[in-house]
Each structure stands twice: as structure tokens, then as C-alpha cells.
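A.B. asks: this one's sequence-less:
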Ligand code: AGP
């Protein structure tokens, strides 16, 4: 995700926008830029890398003007280069954008056919071209923007300037956040992706709604609906946040914010990759030829930590749905075990940061042995992404908390899309079966929202168990890796020892650990393992283990459930339970850590990206 800041009013807008971008840099830091409207010309300054590089670049220029729009980028389409940095200008229409224009390729092709030339690889640039087309067709600035937006599919938060209307500014929102504040002076307006950028100037804010466009000039602010252009009235709200809290969008920790961002992150990872016409999935962006897809005879998944857990889930999916053999390796083990790898091997590296040294080294080893490399990464142009023959990006946005949460659920989402692509190409699933899986995927963000709306139940559960010394997490089948992930979340942020186990493995030793002091988390979704997992949880109950049960509705246990901590989740497609069941475990770990008073966002001994072996 990216950060947008814009200002129109009597002040010099440059320091206002730079200050706001500093407050939003957690939203992305691949590049930064700003545009200043001054006397019928618009000056644009951009730089790759963090905002500081832009500030150094413009420091000597004593820039001044208003309105000003600014942007700090988290690259999704187009490498983090200066040419791809926002703002984007086409014939005097200058745009900064947060979101994804899902149909940008088709729009770009149409515009190119009409003689347009593009100066960047981004999806964003098509927006300025579309507005210019409408202006040339005779529309005024506001109507030109509104008509252009009606042609766009996807998400956007926008701030727009037009050279020929130097005293005006437009903002618009669809699916990406945008908030506005009224300044003290008449005709003074602030716009930003998030509240932190505005708090220095005003606490009276107006949240633009999806499908709304705001127009500003020195006299007035008007809000209209994009669909029909009707005028809308808005009331400002008083924000009570302190600036530090606001850095986290009102959440106490980045980890909690990122847990709650998962529905949006999963939606953004799906955007532009589902294709009703084809098998339901469209991963042409990976750039593998038909021949290359057909050549793969096996997959070697390579990753660490949470990303390794995502790989373990993917193994179940690849083998059951795409019928291709998969091995999953912890990266630090892979490279030293003389792995059997060749040109028919797809080496699939999973890494949020794209910089994990163990995973990078293992992928280099796989490349040396002739494998084809595909990376599932969250950071554009990261080392693992650059090393690979193909990259499939998650669109989680920056993950600041050391404990991986939205990166994990978006990795699972991306991996599931890969599985469906592979299954379609290998014809191991019928078109109807593929469409069914895609339909289930589209329900996932709403299902995640429902679990998140019950966070208070997990906080209560954490209160009962936060003083224990050990935890066990049990599950079966493709949810076993979620038991591992739940245990990892708990131990890495609350420092409580926790182990994840295949539930069927308990009788081979670990059941000796069970007594009245041992909380045992059991994942019992309505799937093919349900009967067996019920037996396992009864074995736990028979030894006075303290059960924390996560199941679907209408669970028949044959015993009274009232004494058990029981969290019921709704039914999604069996294959998608891992994305759903991990969320209450993330929240259980989070609230436990808060009760323990640990440093949730930066737990002891850990780093966000382990760039040493
Ligand atoms: C997970 O919460 C940890 N932060 C850690 O296990 C992490 O998943 C691992 O270091 C791999 O990082 P990567 O995904 O950036 O490669």
C-alpha cells in the first residue's frame, strides 16, 4: 500500500506535504515524490528509496506553492524506479495513487492504440491519460475525472492536479482509505491516506467514502458521487488519537493493525488475478511459457519460519488439487542435504521480505543445480525476487510487526492461486471445480472480517491462560501447519513455550505432557479429519488437559462443551480453512503477549528480516 498527502490553502504546501509523508512512510518506502502547482505550471520532484532522499534532493531548491500533492510508494506494478515513482504526469494532469487498477493492461492497450505513449510501467499512469481524454472531449476538470474513474476497475485513493486549473485539486476514493481535514484558514484543506498525516493541522476530519470524489478550490470543498455525480453532504468527526497512536491507525501495535488489515490484504492479493472467462485464475504476470509450465514434474518449496508453514499448507494443496509431487524444505537445511534438483524442478521460494539469507542461499543452490525459480514475495525487487525466473507478489503492503500475520494469509492466498493455475494447466480439476474454488476464495475476506469482529473473545481467552508456561497446538491434515504457526506466533511474542503437533502424533509421546496445567489448542474444522480429531480432543480431556477448541458450527462432541473454551468459526471451503483458522490464533498470541507486557512489535532477540545465516 502507498501513502498520499495533499494540501490546498494559503500556506506553502511543500513542508505540509513532506511532514505528512514522513508520518505515512510506514505505508511504503520504495520511492517518494511531490508535485507543486505554482503559477500555471506544475513542478514534479521524485526519488527512489526513502523519503529522506527526496528531501535531500529538493532541500536546496526552497520549493514553495499550493496546492501540493505527495506520495510515498509501496511498489505493486512497476519496479521501484524514479520513472515509476509518483506523481505521474500526462499533458498537465498530475496524479498520485494508492491502490490497484485491475484493468490497467486493457486500458493501456486501448490508449496506446489511440497514440498515447507511456513513461512508466505503473498501472497508475493510465489514470492521468484517461482524464486527459475526457478533458479533450470537452469535460471540465471535475467531470473529466469522474468520467475517467467510471472506466477503472480496482481500487484507488487519488489526489489530482491539473496545470490549467492551478487553484484546484481533486481527491477520490474507491477501496483504499482517504481522509480529509479542514484547516483553520478559510479555503484550507488537507488530504491523506491515513489520519497521522493530518493530526498536526487538524483533528476535525472527514472520511471520504468509496465511490466519492472531493473537489477543492480557495472558496469551497464539494463532494460528489462518482457513479452519478450527485452532491453529497459530509460532517467532520473529531479525532481523539495522539500522534503516536495514529502512526498505527489507532491500533496499539502494528501487529494488531496488520492482523486487522488481512481482509484488505487478501483482497488486494486477489485483485487482477481472477479471470471469469479462463479457468478462473490469470497468472500471466509470472511470465512462464506454456512449455515451461508443462515441464515441471516436481516442486521444491523453500522457506523459513512462518513462510515455511505457508509452504507446508501449499504442499497439501499442490498434491491433492494439482497432483504434482512436492517437498517442503526449511531453507537452512535444503542447501546442505545434496538435494535432488534438476531442470524439471520448480524451486518455489516463499519470503515476505525477499531478503532472508537462508532462503536466498537455498534458492541460489537450487538455481545452480538447474531448477527453475519462482518466488512468492511481498517486497518488489527484493533479492529473492530478483534472483528468480518468475515472481508472484503478495500485495499485503508493508508488514512492520516482526511477527508475520497479513504476510502469511496473503502468502497462502497467492499459493492457492498458484495451485489453481497449476491444476488448470495440468487439467487435474474440472472448470466447474476451479470456479467453485475461486468462488470460495472470493468469500474469504468477508469470513476474515467476521472472525476479526469477535477479537474480544480471544482477548478473554488470553486472560485465562497468559500465565501458563507451556502450550500444545494440535491439528490434522492441511491445518497441521496452522498448529505450527499458532505455536510460533505465541512463543515469538509472548515468550511462552509452545509446540505444534499433528494430532495423530500425540499417542506416540507428547500425550505424556498433558495434565491440568497444559492448555491444548485443538483445531477441529468440519473436514475429513473431524471424527479423528474429536477422538484426539477427548484423549486430552480424559487427562484433564485444558482444551481451547476452534471448530465449525454444530460440533457433536458427545459431551458437555460448556466448560471448554470453544471458538466457533463459519464454514468456508475446506481448502481455505488454514487462512481462516490462523486468525484467532494470531489474536490469542497477540493478547497473551500484551498481558505479559512483552514488546509485541519488536520481540526480544528477533528481527523482521533475518539477513544473516
Ligand atoms: C514469523 O512471524 C517470523 N517473523 C519469521 O519466522 C519469518 O517468517 C521468517 O524469518 C521468514 O521471513 P521471510 O518470510 O521474510 O523470509
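C.D. replies: Looks like it arrived, so ask away. None of the values given here were measured: they were computed from a predicted structure.
A.B. asks: hey, let's count contacts and neighbours off CA atoms from now on
C.D. replies: OK.
A.B. asks: List the single closest residue to the residue nearest the centre of the chain in space, sequence neighbours excluded.
C.D. replies: With the centre of the chain defined as its mean C-alpha position, the nearest residue by CA atoms, centre = their mean is residue 396, 1.5 Å away. The shortest distance from residue 396 to any non-neighbouring residue, by CA to CA, 6 or more residues apart in numbering, is to residue 265 (4.6 Å).
A.B. asks: quick one, phi psi at that neighbour?
C.D. replies: Main-chain torsions, residue 265, degrees, to the nearest 10: phi -70, psi -40.
A.B. asks: Equivalent analysis for residue 400, please.
C.D. replies: Per degrees, to the nearest 10, the backbone of residue 400 is at phi -90, psi -40.
A.B. asks: Next, count neighbours for the residue nearest to it when sequence neighbours are not counted.
C.D. replies: Spatial nearest neighbour of residue 400, chain neighbours left out: residue 254 (6.2 Å); criterion: CA to CA, 6+ apart. If you count neighbours by other CA atoms under 10 Å, residue 254 ends up with 23.
A.B. asks: circling back: can you read off the pLDDT for the residue nearest to the centre of the chain?
C.D. replies: With respect to pLDDT, residue 396 scores 90.
A.B. asks: same question, residue 177
C.D. replies: pLDDT for residue 177: 83.
A.B. asks: Over to the one 5 residues further on?
C.D. replies: Here the pLDDT value assigned to residue 182 is 91.
A.B. asks: That one contacts residue 189, correct?
C.D. replies: Yes: with contact defined as CA atoms under 8 Å, residue 182 counts as touching residue 189 (4.9 Å).
A.B. asks: Name the residue in the two with the higher neighbour count.
C.D. replies: Each of residue 182 and residue 189 had its neighbours counted (other CA under 10 Å), and the higher figure belongs to residue 189 (26 against 21).
A.B. asks: list the contacts for the more buried one?
C.D. replies: Taking CA atoms under 8 Å, 6 or more residues apart in numbering, we find residue 189 in contact with 7-9, 180-183, 216.
A.B. asks: Try it again at 6 Å.
C.D. replies: Neighbouring residues of residue 189 by CA atoms under 6 Å, 6 or more residues apart in numbering: 7-8, 181-183.
A.B. asks: Closest one of those to residue 76?
C.D. replies: If you rank these by distance to residue 76 using CA to CA, residue 7 comes first, at 25.3 Å.
A.B. asks: What's the local residue count around the closest residue to the closest one other than its chain neighbours?
C.D. replies: Nearest residue to residue 7, sequence neighbours excluded (CA to CA, 6+ apart): residue 190, at 4.7 Å. Neighbourhood size, residue 190 [other CA under 10 Å]: 27.
A.B. asks: Strand partners (parallel or antiparallel) of the helix or strand where residue 190 lies?
C.D. replies: Residue 190 belongs to strand 189-192 when assigned by DSSP states H and E. Using DSSP bridges, the strands paired with strand 189-192 are strand 3-8 (antiparallel), strand 179-182 (antiparallel).
A.B. asks: in the helix ranked longest in the chain, what's buried?
C.D. replies: Ranked by number of residues, the top helix in the chain under DSSP state H is helix 431-452. By neighbour count on 16 or more other CA atoms under 10 Å, the buried set for helix 431-452 is 433-435, 437-438, 441, 444-445, 447-449, 451-452.
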